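K.L.:
Fold the following, please.
(2 chains, ligands or ions: 1)
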Amino acid sequence: MEYKEKLEIRGISRDELFKYVQELGGERLSSNSDMILFQSDKWSCTLSSEETFYFMHSDIPIVHVSFHSSNEDALRDILRKFRLKTFRAGG
Amino acid sequence: MNLGGYKNHEAWVDLSKGTITYRQLNEEDLRNYVGARGLGVKYMVDHGVYNVDAFSPDNILAVMTGPLTGTRIHMSGRLCTVTRSPLTGTVTDSHMGGWTAARLKWAGFDNLIFTGKSDKPVYLYVEDGKAELKDATALWGKGVRPTVKALEDLYGSKDTSVMAIGQGGENLIRFAGWMNEDDRASGRGGTGAVAGSKNLKAIVIKGTQRGNMPEPALPDKYKTAVKAGLKAINEGALTAPNKGGLSVYGTNVLMNIINESGALPTRNSQTTVSEHAEAVSGETIREEILVSEPTCHACPVACKKEVEVTEGKYKVKVESFEFESAWALGPNCGTGNKEAVAYMIDRCNEYGIDTIELGHVFSVAMEAYEKGLIQERLDWGDVDRMIEWIDKIVHRQGIGDLLAEGPGNAAKSFGDGSLAMVSKNQGIPAYDPRGIQGIGLGYATSNRGACHLRGYSVSAEIAGLPEPVDRLAVEGKGTLLKIFQDLHAFSDSLDICKFSAFSENADLYAEQYTAVVGIELDADDVMKIGERVYNIERYFNNKAGFVGKDDSLPARFLEEKAGGNSKGEVSHLPEMLKEYYDVRGWKDGIVPAEKLKELNIETNVGA
Ligand code: SF4
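P.N.:
The predicted structure is shown next:
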């Protein structure tokens, strides 16, 4: 069985998200203009291309990120770590 | 102590005896609580001031910086005042920007802690690691600007910062704050009134950056950390200088957005959409009355928006046309008169009182008059009478004396406590809990009374940052809010500007802390320390008698339906609260002993 989670991350560039996935142990397997695929021993991840939406007079990047794993705990663990990196608290 | 960033030097000023004792910082406390907000509440717990009257000489008033304050780390020019609040009875901490905080570090101090009560007005002069109490009799009765000017004339304005209270603090207005550099406020919770109760008028700080910047423990990592922080801010969608919405329009970029969401508390939260929002919005202000965009120490964002009204009876130049102030004195009181709002903000800064709480006492009085509960006439949008009443409040004349006690107490004196839109007796900020569910939970569970800055879930619920969250959903809000609250508790302890969190994550905070202090932290440690700070605050409040029933919202938000794009909504606080207590591990709002133990919170002191 495969477990997966799709996230919509706003306000963080694809380059930055690329760095996060690598820091968490993902290795880039392949890429094209639409998508980058990463693999680790416990999960895989794809980053979509970057779109922009305009809000609060700001260009806000949007990237869709998907994590897949055959192990539910591994998926939960990588999501927690990834979200800790993407979390922005504003103020 | 070998930690970087700190000066390892604080002054304990006994105002009753007129003595000053210098102390070094306790390394264990710094590891656990970092500084500023966290260390401040630790001192409050150590001294067991849970049940002292806020205006008693036994209350403590702590002026606290953090390890990053005064360094080259960006947006690090902040300090906070920590005390038992005369408005809420909880522990409170209220932060201010500008240059005072950095200068305090450069003058050789991390913190200044005041106890007791002076028998005559005094101010503290601080320079080169030494502090001295001086007679302030001639300053008593003066507003903030004349006080700052008199002290700058005496000591020279070069390398000098003055933080002062105005007549609001002197007259124990329960929502009086501290001001520095004229228009920067540590506004909430009445910390300026506590200074007034101690006869403490001002703090004068003389300190030059050259040769006095705190040394980082790890200079190589420091260079990288400074650059990484700057890169994040410069590239941040909202913070990018002269490009992002926060930099261009200031906090008031939110006015129209919140109004369009049907979540702008209007006319004392009787409705959630205002026809006056556009007139006082960041966009209008930028186009019509903006004159300059000041900043704080080491901040490229420059979110401050200085406005000037050049003619007419509201002629004024004032720096802080912030979203919260514009809302509280504008749509909340049924007006969109931006000139009059700017004028009132200026009066608040001169008297040293909180604009948000002032807006609340007005809107309570307006609704009370409308309902026939009081005879003193104050109509919605009557800005001239509002301006008149500011003087009455600050000088405690007539109805002003009741309003000076804050919106909760005033509403009770008018015979209907439910008119006050408060949680733990502090007025709500500019986001309606019916249209943004998570922020309502945040108001209710904030340890310092209703506040958006304890857990800014609006970021996710309105802007969708970093992941979109349905603002009207209930499930998941308890879990989400805890993360916001814990991260803010850490950044307030550093003490770094909250707006950095639009661009910086826990990794970056950890990297900057590690480089400056020399203790290796990661993002999980950051969240753990934040959680510890949040829990020790809650512990203080529990000892002061606050329990689950105090984590509440006014009945209006639970029973009366919102309008606009939140039409038909009410707050679902009880459901959210249950989830929140579960993720916090609290029992009915109380931190259990096992949680204190798990977080290594010492409670055998000052109990
Ligand atoms: S973002 Fe605004 S409040 Fe924060 S440090 Fe910069 S100028 Fe000061």
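K.L.:
surely B:Ile353 meets B:Gly177?
P.N.:
Yes: between B:Ile353 and B:Gly177 a contact is recorded at 6.8 Å, counting by Cβ atoms under 8 Å. Heads up, the C-betas are built off the backbone N, CA and C, glycines and all.
K.L.:
Ignoring the adjacent residues along the chain, who's closest to B:Leu30?
P.N.:
Leaving aside its sequence neighbours, B:Leu30 sits nearest to B:Leu3 (Cβ to Cβ, 6 or more residues apart in numbering or on different chains; 6.2 Å).
K.L.:
Could you grab the helix/strand/coil label for the residue of chain A found nearest the ligand?
P.N.:
Nearest residue of chain A to the ligand, counting by Cβ to the nearest ligand atom: A:Gly91, 8.2 Å away. Three-state call for A:Gly91 (DSSP: H, G, I helix; E, B strand; the rest coil): coil.
K.L.:
Assess the claim that it and B:Glu504 are in contact.
P.N.:
No: counting by Cβ under 8 Å, A:Gly91 stays clear of B:Glu504, with 10.4 Å between them.
K.L.:
higher neighbour count, those two?
P.N.:
Using other Cβ atoms under 10 Å in any protein chain shown, the more surrounded residue of A:Gly91 and B:Glu504 is B:Glu504, with 25 against 22.
K.L.:
What is the neighbour count of the residue of the stretch 51-200 of chain B found nearest the ligand?
P.N.:
Minimum separation of the stretch 51-200 of chain B from the ligand (Cβ to the nearest ligand atom) falls at B:Gly97, amounting to 3.9 Å. Per other Cβ under 10 Å, the neighbour tally for B:Gly97 reads 27.
K.L.:
Spatially, what comes nearest to it if we skip its sequence neighbours?
P.N.:
In space, and not counting its chain neighbours, B:Gly97 is closest to B:Cys296: 3.9 Å by Cβ to Cβ, 6+ apart.
K.L.:
Please, which helix or strand holds the most centrally placed residue in chain B?
P.N.:
Centroid-nearest residue in chain B: B:Ser94, 3.9 Å away (criterion: Cα atoms, centre = their mean). Using DSSP states H and E, B:Ser94 maps to strand B:91-96.
K.L.:
show me the contacts for B:Leu200.
P.N.:
Neighbouring residues of B:Leu200 by Cβ atoms under 8 Å, 6 or more residues apart in numbering or on different chains: B:Leu15, B:Leu61, B:Phe114, B:Ser118, B:Pro121, B:Val122, B:Tyr123, B:Leu124, B:Ile165.
K.L.:
So which of those is the closest to B:Asn337?
P.N.:
B:Ile165 (28.2 Å; Cβ to Cβ).
K.L.:
would you list the contacts of B:Leu200 in JSON lines and tack on neighbour count?
P.N.:
Below are the contacts of B:Leu200 laid out as JSON lines (neighbours: other Cβ atoms under 10 Å in any protein chain shown):
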{"residue": "B:Leu15", "neighbour count": "22"}
{"residue": "B:Leu61", "neighbour count": "24"}
{"residue": "B:Phe114", "neighbour count": "25"}
{"residue": "B:Ser118", "neighbour count": "22"}
{"residue": "B:Pro121", "neighbour count": "20"}
{"residue": "B:Val122", "neighbour count": "23"}
{"residue": "B:Tyr123", "neighbour count": "23"}
{"residue": "B:Leu124", "neighbour count": "23"}
{"residue": "B:Ile165", "neighbour count": "31"}
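K.L.:
tell me the two of those residues that are most distant?
P.N.:
Going by Cβ to Cβ, the pair spanning these furthest: B:Leu61 and B:Pro121, at 15.0 Å.
K.L.:
so which strand or helix has B:Val341?
P.N.:
Applying DSSP H and E as the criterion places B:Val341 in helix B:338-351.
K.L.:
now the residue in chain A that chain B sits nearest to: how far from B:Leu487?
P.N.:
As assessed by Cβ to the nearest Cβ, chain B sits closest to A:Gly91 within chain A, at 2.6 Å. Applying Cβ to Cβ, to the nearest Å, the value for A:Gly91 to B:Leu487 is 10 Å.
K.L.:
Now for these two: what residues contact both?
P.N.:
B:Ala501.
K.L.:
Phi and psi next, for residue 22.
P.N.:
Since no chain was named, I'll use chain A. Backbone dihedrals for A:Gln22, given as degrees, to the nearest 10, come out at phi -60, psi -40.
K.L.:
hm, I was asking about chain B
P.N.:
The phi/psi pair for B:Tyr22 (degrees, to the nearest 10) reads phi -100, psi 130.
K.L.:
repeat for B:Val318
P.N.:
Residue torsions, per degrees, to the nearest 10, at B:Val318 are phi -150, psi 150.
K.L.:
residues contacting residue 83?
P.N.:
All of this is about chain A. A:Leu7, B:Pro466, B:Glu467.
K.L.:
let's do chain B instead
P.N.:
Contacts of B:Thr83 by Cβ under 8 Å, 6+ apart are B:Met44, B:Ala54, B:Asn59, B:Ile60, B:Leu61, B:Ala62, B:Val91, B:Thr92, B:Gly189, B:Thr191, B:Val194.
K.L.:
ok, how many other residues are close to the fourth one?
P.N.:
The number of residues packed near B:Ile60 is 21, by other Cβ under 10 Å.
K.L.:
same question, the first one
P.N.:
B:Met44: 26 surrounding residues under other Cβ under 10 Å.
K.L.:
For it, which non-adjacent residue is closest in space?
P.N.:
Of all residues not flanking B:Met44 in the chain, B:Val91 sits nearest, at 5.4 Å (Cβ to Cβ, 6+ apart).
K.L.:
Show me the beta-bridge partners of that neighbour.
P.N.:
B:Arg84 (DSSP bridges).
K.L.:
number of nearby residues for it?
P.N.:
Using other Cβ under 10 Å, B:Val91 is surrounded by 28 other residues.
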